[in-house]
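# Can you look at this prediction? I've put the sequence above it.
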Amino acid sequence: MRRGGLDSGQKGARPAHQPAHLALLATACGSDKADTKADAKPSAPASSSAPAAPAAKAKTDAELSALILTKADLPDHVVVAVPKDEVAIGEAAKGDKAECQPVVRTQGTATVGTAAGVARMKAVAKPKEGAGAEDAATAGLKALAGTRTSVTLASYEGKGAEEAFAAVKTAATACAGGFSLTMEGENTKIDKVVSSAATGGDEAIALTLEADVEGTKVTTETVVVRKGNVLATHTASALGVAEKPTAIVAAQVKKLG
């Protein structure tokens, strides 16, 4: 882990549609004439439930791009796209334990499992306005070293989003005692993974990854939210201890509907 957590964009930073179950009610169609049994029709058997609703179609890149947070949604942040080379670095990152790979992939804007559509952005809070020149310069430096949050929206066919979320949850438990992470040829020992409940969407989980980099405690704060067949991964990193991306998560969950 670089000092900026797992955000390769920081210089020097290494660190529903919910199916409705409808009951079908069939009524008997017997004749009202008692002496015409031959004409009576047997009643249709009642069905205990409606046919399974078809799985929601996965959203495309373009559809997800319309749902991901923008500058208009976060006026107090600088919002930019995630460069392709940064995505590639996250996609190539590996953990020394196969069972930890889903957690690894939440740290570098990669997708967990095979997504049909993807959209990404990252944001950092703007320095506060109204300060003097010296204060503004200090605020600017703090912003550069401050928490940066990346958001990855991934949409899946069928139950892919549910499976991806379950994989992250399982990996967080299996790798609570830590693992080694290799990114851009550098190896970092993740001391522990702390998972906790989170709110939002249909299901959510929060992860805190901790490491010691040259005597400095470095953390990343990740919140994974599933809304229907979309998985929203919010990962905050810094040169040291990252702030929780509470406001960004709330804004993104709201935009997902």
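Perfect, thanks for sending it.
# give me every residue that touches the nearest residue to residue 150 once chain neighbours are set aside.
Computed as Cβ to Cβ, 6 or more residues apart in numbering, the closest residue to residue 150 that is not its neighbour in sequence is residue 122, at 4.2 Å. Every residue, glycine included, has its C-beta placed from N, CA and C. By Cβ atoms under 8 Å, 6 or more residues apart in numbering, the contact list for residue 122 reads 7, 9, 79, 80, 81, 82, 109, 148, 149, 150, 151.
# now do 6 Å
Taking Cβ atoms under 6 Å, 6 or more residues apart in numbering, we find residue 122 in contact with 82, 148, 150.
# among the residues you listed, which ones are buried?
Buried by 16 or more other Cβ atoms under 10 Å: 82, 148, 150, out of those.
# got the phi/psi numbers for residue 192?
According to degrees, to the nearest 10, the main-chain angles of residue 192 amount to phi -160, psi 160.
# whoops, residue 231 was the one
Here residue 231 shows phi and psi, under degrees, to the nearest 10, equal to phi -110, psi 120.
# So which residues of the protein form strands?
Taking DSSP state E as the criterion, the chain contains strands spanning 77-80, 94-95, 117-125, 148-155, 179-183, 186-197, 203-213, 216-227, 230-237.
# starting at the chain centroid, how far to stretch 211-222?
The chain centroid and the centroid of stretch 211-222 are separated by 21 Å under Cα atoms, centre = their mean, to the nearest Å.
# What are the boundaries of the helices in the stretch 51-200 of the chain?
Using DSSP state H, counting those that start in this stretch, the helices of the stretch 51-200 of the chain run over 61-65, 84-92, 101-105, 133-145, 160-174.
# lowest-confidence stretch among the ones you listed?
Mean pLDDT is lowest for helix 133-145 among the helices of the stretch 51-200 of the chain, at a mean of 55.
# Please report how far residue 148 lies from residue 91.
For residue 148, the distance to residue 91 equals 19 Å [Cβ to Cβ, to the nearest Å].
# Equivalent analysis for residue 237, please.
The gap separating residue 237 from residue 91 is 17 Å, by Cβ to Cβ.
# Report the separation between the residue nearest to residue 150 and residue 87.
With Cβ to Cβ as the criterion, residue 122 and residue 87 are 11 Å apart.
# Ok, residue 80 next?
Shown here: residue 80 relative to residue 87, a distance of 13 Å by Cβ to Cβ.
# Same question for residue 59.
18 Å.
# between the two, who's got more neighbours?
Residue environment comparison for residue 59 versus residue 87 gives the larger neighbour count to residue 59, 23 against 20, counting by other Cβ atoms under 10 Å.
# That one reaches residue 155, doesn't it?
Yes: counting by Cβ atoms under 6 Å, residue 155 is a contact partner of residue 59 at 3.9 Å.
# quick one: common contacting residues for the two?
A shared contact of residue 59 and residue 155, defined by Cβ under 6 Å, 6+ apart, is any residue touching both; here these are residue 117.
# ok, how many other residues are close to residue 205?
When neighbours are counted by other Cβ under 10 Å, residue 205 registers 18.
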